[in-house]
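sequence? don't have it. structure:
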């Protein structure tokens, strides 16, 4: 049975994440072997944002009252989430994490370690009620599991039947393909896209080997696993991947996450973060 974990927070984005979970279930073609786990993160207020430190002991009572209110609201959200997941017709569970925002990221990563796939919202976009960037990064880099990110407010396709693999000859890309294999095995078309700035026989060969591997592991024939080398003169890999995903009609992109330090990507820029902030379709990452 596949354990599919979905990040939930009581916001409008829950419906987007759950819609993408339904797409995963439909793409696998076997709802009876899928278990849905809603991971509800109920963030408690940070003390410093509620009351200045100089307020002293008087602040303790105020903070306690606010926390009680947050927990009561969480009870109502959890009840509604249970009712929502019960309507899906698959085994389900709602797990509730309650902590300060900084602690929720670490707790979510620990929970995700025993799931097969974690579904969340693309962070860093400014178009969601709460960003959850720290949580997504923690799950991606610390759980050892794949993360499927949905664009905020994005439409979920009926199935992930056209998959684009953003290929690099590296460990992270290999991990992403492995995490996506249950979906690739049921896809109608898989396109392997890789970018290069010069003739690179090693990358060419690795893409050919990957295509042959996918054909052996799935029922997809030569026409259904295609390779698309994209030459970059002074271009950016992000733009090439997004352009190809549009041209090929992909409804799911698969790629390795943070090939270099994510801190370097934060300060210097990088493909992972750029694709997360710009894609208008689902993205499956693994580190």
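Good, I have the coordinates. Computed from a predicted model, the values in this text were never measured in an experiment.

which parts of the stretch 151-287 of the chain are strands?
Using DSSP state E, counting those that start in this stretch, the strands of the stretch 151-287 of the chain run over residues 162-166, 189-196, 225-231, 252-256, 282-286.

so which elements touch the second one?
Spelled out, that is strand 189-196. The contact analysis (3 or more CB pairs under 8 Å, 6 or more residues apart in numbering; DSSP states H and E) places strand 189-196 against strand 162-166, helix 201-217, strand 225-231, helix 237-248. No exception for glycine: its C-beta is placed from N, CA and C like everyone else's.

of the strands of the stretch 151-287 of the chain, which is nearest residue 43?
For the strands of the stretch 151-287 of the chain, the distance to residue 43 is smallest for strand 282-286, at 23.3 Å, taking CB to CB.

about what we covered before: and the strands of the stretch 151-287 of the chain as a markdown table, adding mean neighbour count and distance to residue 218?
Formatted as a markdown table, these follow (neighbours: other CB atoms under 10 Å; distance: least, CB to CB, whole Å):
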| stretch | mean neighbour count | distance to residue 218 |
| --- | --- | --- |
| strand 162-166 | 26 | 11 |
| strand 189-196 | 22 | 8 |
| strand 225-231 | 16 | 8 |
| strand 252-256 | 25 | 14 |
| strand 282-286 | 26 | 16 |
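
among those, which is nearest residue 135?
Among the strands of the stretch 151-287 of the chain, strand 282-286 comes nearest to residue 135, with 13.8 Å by CB to CB.

find the least confident helix or strand in this protein, judged by mean pLDDT.
In the chain, no helix or strand scores lower on mean pLDDT, DSSP states H and E than helix 262-268, which sits at a mean of 46.

show me the shaky parts of the chain.
Under the criterion pLDDT under 70, the flagged ranges of the chain are 31-32, 47-60, 127-129, 197-201, 222, 233-235, 259-269.

what's the local residue count around residue 95?
Residues contacting residue 95 under the criterion other CB atoms under 10 Å number 15.

ok, and for stretch 131-146, which residues are buried?
131-133, 135-143, 145-146 (16 or more other CB atoms under 10 Å).

who touches stretch 98-113?
By CB atoms under 8 Å, 6 or more residues apart in numbering, the residues outside stretch 98-113 that reach it are 5, 7, 39, 41-46, 71, 74, 95, 97, 118, 134-135, 137-139, 142-145, 147.

repeat the analysis, applying 7 Å as the threshold.
5, 39, 41-44, 46, 71, 74, 95, 97, 118, 134-135, 138-139, 142-145 (CB atoms under 7 Å, 6 or more residues apart in numbering).

just stretch 236-253 next, same as before
The contact list for stretch 236-253, computed with CB under 7 Å, 6+ apart, reads 157, 160, 162-164, 166, 183, 191, 193, 195, 228, 230, 232, 271, 274-275, 278-279, 281-284.

among the contacts of stretch 98-113, name the ones in strands.
Among the contacts of stretch 98-113, the members falling in strands are 5, 39, 41, 42, 43, 95, 97, 118 (criterion: DSSP state E).

give me the buried entries from these.
Among the ones in strands among the contacts of stretch 98-113, those scoring as buried are 5, 39, 41, 42, 43, 97, 118 (criterion: 16+ other CB under 10 Å).

neighbours around residue 111, how many?
Residue 111, neighbours per other CB under 10 Å, totals 18.

for residue 287, see how far away it is.
Counting by CB to CB, to the nearest Å, the separation of residue 111 from residue 287 is 17 Å.

what's the answer for residue 10, then?
As for residue 10, its distance to residue 287 is 28 Å (criterion: CB to CB).
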